[in-house]
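J.: model this:
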Amino acid sequence: MTGPVDARSYDLDDLRDRVLGERGGTVHDSIPQLADADPELCGLALVLPDGTVRVSAQADVAVSVQSAVKPFLFALALLDTGGDALDRIGIEPTGEAFDAIKLETGTGRPPNPMVNAGALLTAALVDGDDVDGRTARILRGLAAFAARDLEVDEDVARSEHLLGDRNHALAHLMRAEGTLRVGADDAVAVYARACAVLVDARTLAVMGATLACGGRNPVSGEQVVPAEVARDVVSVMATCGVYDGSGRWMRAVGVPAKSSVSGGIVLSVPGVLGGAVISPPLDEQGTSVRGRIACEALSAELDVHVFGARAR
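T.: Purely as a prediction, here's the structure:
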């Protein structure tokens, strides 16, 4: 290509065809529902600040959101605590696995909101008196980011709760440190239900675009969170969103993102676009193999690397 392509005319089906032949990666198998995922699934979507939505084939196939929910839980926690969540959760990358049994030395805080410890705490910080109340608040908040109602896959939620031994360990550790102020089992139950919310690439791209547009949903027009909250969330996505692969991601792709073990990747390019890819086979860091390749191509062909030398 001789120059950047206009996102309004970008051919996502062509990009999908280019990455479909990639056979690397393995489907995550921590719960039965993830192990049963279709390895051939591959859907892509882009959403622009004017509300334009572009999609590929399979962009409407739903999967559980899993860890791609973490930026939005962080946003809701910041909103509901008036920003105090920043005092309760660190924002530094760890260089370790997403479910590492580790807290900040001396503070007992989770290292950042994009690892499981941080997400357990952000889910516990949203408004609500109990599991049902916080779950309802999260669903309302995610619906506002998505510009549509969302549902929980109850089978996935049950498996996440029953089989999430490391999440239970993290919750109990934070309780022991005084960081988590609700019951450990309650915290895991709320987070399990948040991870089990069903999304597709189209929906995830709208959610990413809402963060990219300073908290304003470009499809509904609703100001979902203040611009300062969106800024803080996207900043942490850039440094921590792909776990111990975040540095390599930002060098190669240069777009704030959050990966998930269901194969989803949500993108937020401030002021430019939101995007998503869903393709289940993962690399060793838990990032979609086809998704990474597609995002590298999108970044180069749309010229959206945030550190690229481009004129706006």
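
J.: where along the chain do the helices fall?
T.: Secondary structure of the chain by DSSP state H: the helices cover 12-20, 32-35, 70-80, 85-88, 116-125, 131-146, 154-163, 165-177, 184-195, 201-212, 227-240, 246-252, 289-302.

J.: what sits against the residue nearest to the spatial centre of the chain?
T.: Nearest to the mean C-alpha position of the chain, by CA atoms, centre = their mean, lies Ala68 at 2.2 Å. By CB atoms under 8 Å, 6 or more residues apart in numbering, the contact list for Ala68 reads 199, 204, 258-260, 262, 264-266. (Each C-beta comes from the backbone N, C-alpha and C, glycine too.)

J.: ok, so what distance separates it from Leu103?
T.: Separation of Ala68 from Leu103 (CB to CB, to the nearest Å) stands at 23 Å.

J.: so where is the protein shaky, pLDDT-wise?
T.: 1-3, 309-312 (pLDDT under 70).

J.: again, 80 this time
T.: Scanning the chain for pLDDT under 80 picks out the ranges 1-5, 95-97, 309-312.

J.: ok, back up a step: could you dump the helices of the chain to TSV with distance to Ala45 and mean neighbour count?
T.: Shown next, in TSV, are the helices of the chain (distance: least, CB to CB, whole Å; neighbours: other CB atoms under 10 Å):
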stretch	distance to Ala45	mean neighbour count
helix 12-20	7	17
helix 32-35	21	15
helix 70-80	16	27
helix 85-88	29	18
helix 116-125	23	28
helix 131-146	12	20
helix 154-163	22	18
helix 165-177	29	18
helix 184-195	20	25
helix 201-212	4	29
helix 227-240	17	20
helix 246-252	19	17
helix 289-302	11	22
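
J.: Can you say which of those helices is nearest to Asp50?
T.: In terms of CB to CB, the element of the helices of the chain nearest to Asp50 is helix 201-212, at 10.3 Å.

J.: tell me the angle the closest one makes with helix 289-302.
T.: Interaxial angle, helix 201-212 versus helix 289-302 (axes from the mean of the first three to the mean of the last three CA atoms, to 10 degrees): 50 degrees.

J.: Which other helices and strands does helix 201-212 contact?
T.: Applying 3 or more CB pairs under 8 Å, 6 or more residues apart in numbering; DSSP states H and E, we find helix 201-212 packed against strand 43-47, strand 53-55, helix 70-80, helix 131-146, helix 227-240, strand 264-269, strand 273-278.

J.: The fourth one vs helix 154-163, what angle?
T.: For helix 131-146 against helix 154-163, the angle by the same axes, to 10 degrees is 130 degrees.

J.: Convert the C-alpha atoms of helix 131-146 to CSV, please.
T.: Provided in CSV are the C-alpha atoms of helix 131-146 (Å, rounded to 0.1, in the frame of the first residue of the first chain):
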residue,chain,number,x,y,z
VAL,A,131,-23.3,-9.8,44.7
ASP,A,132,-26.5,-9.1,42.9
GLY,A,133,-26.3,-5.4,43.4
ARG,A,134,-22.8,-5.1,42.1
THR,A,135,-23.5,-7.5,39.2
ALA,A,136,-26.5,-5.4,38.2
ARG,A,137,-24.4,-2.2,38.4
ILE,A,138,-21.7,-3.8,36.2
LEU,A,139,-24.3,-5.0,33.6
ARG,A,140,-25.8,-1.5,33.4
GLY,A,141,-22.4,0.1,33.0
LEU,A,142,-21.2,-2.4,30.4
ALA,A,143,-24.5,-1.9,28.5
ALA,A,144,-23.8,1.9,28.4
PHE,A,145,-20.4,1.2,27.0
ALA,A,146,-21.9,-1.2,24.4
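
J.: now for it, which elements pack on it?
T.: Going by 3+ CB pairs under 8 Å, 6+ apart, helix 131-146 lies up against helix 70-80, helix 116-125, helix 184-195, helix 201-212.

J.: Could you give the separation of the third one from the chain centroid?
T.: With CA atoms, centre = their mean, to the nearest Å as the basis, helix 184-195 stands 16 Å off its chain's centre.
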